[in-house]
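>>> Provide a 3D model corresponding to the input given below.
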Amino acid sequence: MLDKKRGLIETLNTVDDQISKMRDSAEKDHTEWEEKKAWAAEVSQPTDEIMRLRVGGEIIEASKRTLVAPTGTRLAEVFSGVHPLKVEKDGTIFVDDNSGMFKSVLTYIKQGEADIDFTTK
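So this is what the prediction gives:
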């Protein structure tokens with residue numbers, strides 16, 4: 001009977017140690033998650049920072065606030081800091097797109113309407 005009690009106590013101590021390790025690991029993971037979440041929130045805050053973009057060979061300037069305004073879009077995702085941007089030697093950010101179309105998109109974001117020509121030139 002005494003051996004059974006000792007065995008149960010050892011088992012309970014082992015389980016308690018495992019639970020403590022799992023709790024510590026979960027708390028560490030939670031802390032890391034909160035830090036990453038705070039960082040993401042910080043870098044995704046729209047600012048009035050002016051971004052110089054090279055789009056279709058043309059330099060276009062737009063505020064970061066405008067670029068991240070359409071939430072849930074690829075454009076906002078790219079400029080929110082989620083993905084690294086390709087910054088050229090002159091400090092411009094390369095955007096692989098048609099400059100006329102891109103300017104129309106920016107106009108639409110700022111004004112809610114734009115005259116968009118879907119033909120490629």
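>>> those helices in this structure, which residues are they?
2-43, 64-67, 74-79, 99-111 (DSSP state H).
>>> Can I get these in a markdown table including distance to Glu88, mean pLDDT and mean neighbour count?
Every C-beta, even on glycine, is put in place using the N, C-alpha and C of the backbone. Compiled in a markdown table, the helices of the chain are given as follows (distance: least, CB to CB, whole Å; pLDDT from 0 to 100; neighbours: other CB atoms under 10 Å):
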| stretch | distance to Glu88 | mean pLDDT | mean neighbour count |
| --- | --- | --- | --- |
| helix 2-43 | 21 | 85 | 10 |
| helix 64-67 | 17 | 88 | 19 |
| helix 74-79 | 16 | 86 | 17 |
| helix 99-111 | 15 | 88 | 16 |
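>>> Next, work out how far apart Ile59 and Arg65 are.
With the distance defined as CB to CB, to the nearest Å, Ile59 ends up 19 Å from Arg65.
>>> hang on, I meant Arg6
Noted for Arg6: a distance of 67 Å to Arg65, by CB to CB.
>>> still on that earlier bit, now the helices of the chain in JSON lines, with distance to Thr92?
Compiled in JSON lines, the helices of the chain are given as follows (distance: least, CB to CB, whole Å):
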{"stretch": "helix 2-43", "distance to Thr92": "20"}
{"stretch": "helix 64-67", "distance to Thr92": "14"}
{"stretch": "helix 74-79", "distance to Thr92": "14"}
{"stretch": "helix 99-111", "distance to Thr92": "13"}
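>>> between these, which gets nearest to Met51?
Closest to Met51 of the helices of the chain, according to CB to CB: helix 64-67, at 5.6 Å.
>>> What helices and strands are in contact with that closest one?
Judged by 3 or more CB pairs under 8 Å, 6 or more residues apart in numbering; DSSP states H and E, the packing partners of helix 64-67 are strand 50-55, helix 74-79, helix 99-111.
>>> can you list those in JSON lines and add distance to Asp17?
Supplementary listing: these in JSON lines, determined by distance: least, CB to CB, whole Å:
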{"stretch": "strand 50-55", "distance to Asp17": "53"}
{"stretch": "helix 74-79", "distance to Asp17": "43"}
{"stretch": "helix 99-111", "distance to Asp17": "56"}
